Each structure stands twice: as structure tokens, then as C-alpha cells.
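Visitor: dropping the sequence and predicted coords here.
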Amino acid sequence: MTELKRKLSDWSVWYCNYLTSYNWRTRRRAYLDSVGRCCDGCQDNWADVVHHRSYQTLGHEPDSDLEALCHDCHARRHGVPLPRAANDNNPLQLKFRYAGEG
Ligand SMILES: [Zn+2]
Ligand SMILES: [Zn+2]
């Protein structure tokens, strides 16, 4: 396993744990309530996922880094590379497998 793959897998484990943490669940619910639970993508469905536009601010996400989406719109967000170019020096910026949440 390369150093980069190891870093990325450590980070994925940490991120999965974060998504199930009390802090994130509280933050996520408050954000959904604040935007009225409507999907930011299609404006048509109920939002049931809070997507991270940036993974640089995990743990203290400002609202501007979050996006309330339905499952379809969320899957589309992850179907394209993350906004910043993937960079071998920063595993957080690499596209990672869509896990259904976050
Ligand atoms: Zn949608
Ligand atoms: Zn997402």
C-alpha cells in the first residue's frame, strides 16, 4: 500500500466515524432545519443528506461549506471530481468513493 493510499484510508475511517458522531448529527439536523429541508440542487425533493462542499473545515463547518441535498442530487455531486483539483500532496482533496452520506 502506498503512503498516499494509507493516508487516504486512515482519513476515510476517521470521516466515517465523524459522520456517526453526536457533534455531526446535531450539526446536520440544525442545518437541515435552518434551510427548511428542501433540496438545494433540484428545489423539488426533501433534502435528506447534508453534503460537504469542502473537507477542509470538517468538525467546524460554516454553513457556506454545507449543502442540503436529496439522494439523487447528492449522488450527482459525487459523480464529478471535487471542485479543487486532486493533489497528491493532499489526500483530503482526492475524490473518494461515494458512501451515501456527507
Ligand atoms: Zn435534489
Ligand atoms: Zn457529499
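Guide: Received the coordinates, thanks. Ligands and ions are numbered 1, 2, ... in the order given.
Visitor: count the neighbours of residue 102 for me.
Guide: 19 (other Cβ atoms under 10 Å). C-beta here means a position set from N, CA and C on the backbone, and glycine is covered the same way.
Visitor: so what's it up against?
Guide: Listed by Cβ atoms under 8 Å, 6 or more residues apart in numbering, the contact partners of residue 102 are 15, 19, 49, 50, 51, 52.
Visitor: and those, which two are the farthest apart?
Guide: Among the contacts of residue 102, the pair separated by the greatest distance (Cβ to Cβ) is 15 and 49, at 14.5 Å.
Visitor: more neighbours: those two, which one.
Guide: Remark: of residue 15 and residue 49, residue 49 carries more neighbours, 20 against 17, as counted by other Cβ under 10 Å.
Visitor: which pLDDT value goes with the more buried one?
Guide: The predicted local distance difference test score for residue 49 is 91.
Visitor: again with residue 54
Guide: Residue 54 is assigned a pLDDT of 88 by the prediction.
Visitor: the one 10 residues further on now?
Guide: The predicted structure scores residue 64 at 94 on the pLDDT scale.
Visitor: nearest residue to it other than its sequence neighbours?
Guide: In space, and not counting its chain neighbours, residue 64 is closest to residue 53: 7.7 Å by Cβ to Cβ, 6 or more residues apart in numbering.
Visitor: what's the closest of the contacts of residue 102 to ligand 1?
Guide: residue 49 (9.4 Å; Cβ to the ion).
Visitor: nearest residue to that closest one in space, please, no chain neighbours.
Guide: Counting by Cβ to Cβ, 6+ apart, residue 49 lies nearest to residue 74, which is 4.4 Å off, once chain neighbours are set aside.
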